[in-house]
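Enquirer: below are the sequence and a predicted model; questions follow.
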Amino acid sequence: MALQPQPFSGDKDFQAMRSILTAGMQASQHSGYVHIGDLNWWLYYILPAKNCDLRESAYVWRDGDAVLGWSLFSPKGVFDLFVHPDERRGAHRADMLAWTVERATERARYAGEAELSTEFVFMDDPVWSDLLAAHGFTPDAANPSLYTAFDLSSGLPTAPIPDGFTLRTVSGIHEAEARAAVHRAVFRKPADKYHSFMTTAPDYHLDLDVVVVAPDGQFAAFAQGWVDVENSIGLFEPVGTHPDFRKLGLCRAVIYEGLRRMQAAGATEAHVYPYENHDASEVYRKLGFQTRGKIIVYRKAI
């Protein structure tokens, strides 16, 4: 009997989706798997901010009690599919992709979109890119992201901040609006779901949400950290500095403090995925992040 995915139904399914990413990293340290922080950010901030119902956006693939993979649908024809490492070369993966593409096409047509895309295709993952090509997708490498890593096995530098500024972490849910305000200023997008994100994302920890507070009390910069404890890997997602406080070294300060906190939590390296053609890629290079590969988009016209 053909496998059928089940719509997202809560914490049990989140843990199942999370287990795919930790197993993928653990099996080979292969760059084809995103960090658990990405999953938290996508499910509990990005999709709610776009008013997407998780029961219609995330699906888990199971064979009995075994979790084989998961499909995720975002607006504008974007989808993701991650499978257990044992399924990377198996027939189930092709079947899962075929179902996901069919479902994504239906959603995209309903929304008036002209194409499908999947945005986390690591260029050193030919098994996945070849399968996408077999289903009619083509690479778009015009503005790739860089897969970068920072070695946490040794001591870390420090970065001074201007007098009157304070480097610390978010102290509680009561600071959700201040945290949302700096996020809005950086990305110029609403951040009204931030309180909900802080209280629902299972892997969110206040002591990894690093901020710089300006003399007037507003948050001037932030670096949201995540730690995959099973694989000892940290991630920054997202990072930003308020436009009014740039060129003061605040980004360097929150990143280095975030790295120290990841190291204290047991991480031996930290990842971040800046766009290659963006100023941030040079910032991370200067901070000590080393490029390990590139991540590109694969597209298909409907």
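Expert: All right, it came through fine. Numbering: from 1, shown residues only.

Enquirer: make it CA atoms for all contacts and neighbour counts henceforth
Expert: Noted.

Enquirer: any chance you could map the strands in the stretch 1-150 of the chain?
Expert: Remark: strands assigned in the stretch 1-150 of the chain by DSSP state E, counting those that start in this stretch are 6-7, 58-63, 66-74, 78-83, 115-122, 138-151.

Enquirer: low-confidence ranges in the stretch 101-250 of the chain?
Expert: Within the stretch 101-250 of the chain, the stretches with pLDDT under 70 are 191.

Enquirer: and the helices in it?
Expert: 126-134, 176-187, 194-200, 250-264 (DSSP state H, counting those that start in this stretch).

Enquirer: relative to Phe219, which of those is closest?
Expert: For Phe219, the closest of these is helix 176-187, at 6.0 Å, according to Cα to Cα.

Enquirer: that closest one packs against which elements?
Expert: Here helix 176-187 touches helix 194-200, strand 219-228, strand 233-241, going by 3 or more Cα pairs under 8 Å, 6 or more residues apart in numbering; DSSP states H and E.

Enquirer: pull out the buried positions in stretch 36-43.
Expert: Counting neighbours by 16 or more other Cα atoms under 10 Å, one finds that the buried residues in stretch 36-43 are Ile36, Gly37, Asp38, Leu39, Asn40, Trp41, Trp42, Leu43.

Enquirer: now stretch 203-223
Expert: Residues of stretch 203-223 classed as buried: 203-205, 207-214, 219-223 (neighbour count, 16+ other Cα under 10 Å).

Enquirer: kindly reformat the helices and strands packed on helix 176-187 as a markdown table containing distance to Tyr298.
Expert: Putting the helices and strands packed on helix 176-187 into a markdown table (distance: least, Cα to Cα, whole Å) gives the following:
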| stretch | distance to Tyr298 |
| --- | --- |
| helix 194-200 | 29 |
| strand 219-228 | 27 |
| strand 233-241 | 22 |
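
Enquirer: give me whichever of those is most buried.
Expert: strand 219-228 (a mean of 27; mean count of other Cα atoms under 10 Å).

Enquirer: got the contact list for that strand?
Expert: With contact meaning Cα atoms under 8 Å, 6 or more residues apart in numbering, strand 219-228 is reached by 22, 35-37, 178-179, 181-182, 203-205, 208-214, 233-242, 244-245, 250-251, 254-255, 258, 262, 265, 267.

Enquirer: got the domain ranges for the protein?
Expert: Residue ranges for each domain of the chain read 6-144+297-301, 154-267, as given by automatic domain parsing.

Enquirer: how about those domains, which one is nearest Tyr273?
Expert: Per Cα to Cα, nearest to Tyr273 of the domains of the chain: domain 154-267, 8.4 Å.

Enquirer: got a list of what Thr22 touches?
Expert: His35, Ile36, Asp228, Glu230, Asn231.

Enquirer: now for those, which pair is the farthest apart?
Expert: His35 and Glu230 (11.3 Å).

Enquirer: between these two, which one's more packed in?
Expert: More neighbours surround His35 than the other of His35 and Glu230, with 25 against 13 (other Cα atoms under 10 Å).

Enquirer: can you list phi and psi of that one for me?
Expert: phi -80, psi 160 (degrees, to the nearest 10).

Enquirer: ok, it touching Ser232?
Expert: No: if you go by Cα atoms under 8 Å, His35 and Ser232 don't touch, sitting 11.0 Å apart.

Enquirer: any buried residues in stretch 125-139, and which?
Expert: Neighbour count says stretch 125-139 has Trp128, Ser129, Leu132, Phe137, Thr138, Pro139 buried, by 16+ other Cα under 10 Å.

Enquirer: now render those as JSON lines, adding distance to Arg285.
Expert: Shown next, in JSON lines, are the buried residues of stretch 125-139 (distance: Cα to Cα, whole Å):
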{"residue": "Trp128", "distance to Arg285": "28"}
{"residue": "Ser129", "distance to Arg285": "27"}
{"residue": "Leu132", "distance to Arg285": "31"}
{"residue": "Phe137", "distance to Arg285": "31"}
{"residue": "Thr138", "distance to Arg285": "29"}
{"residue": "Pro139", "distance to Arg285": "25"}
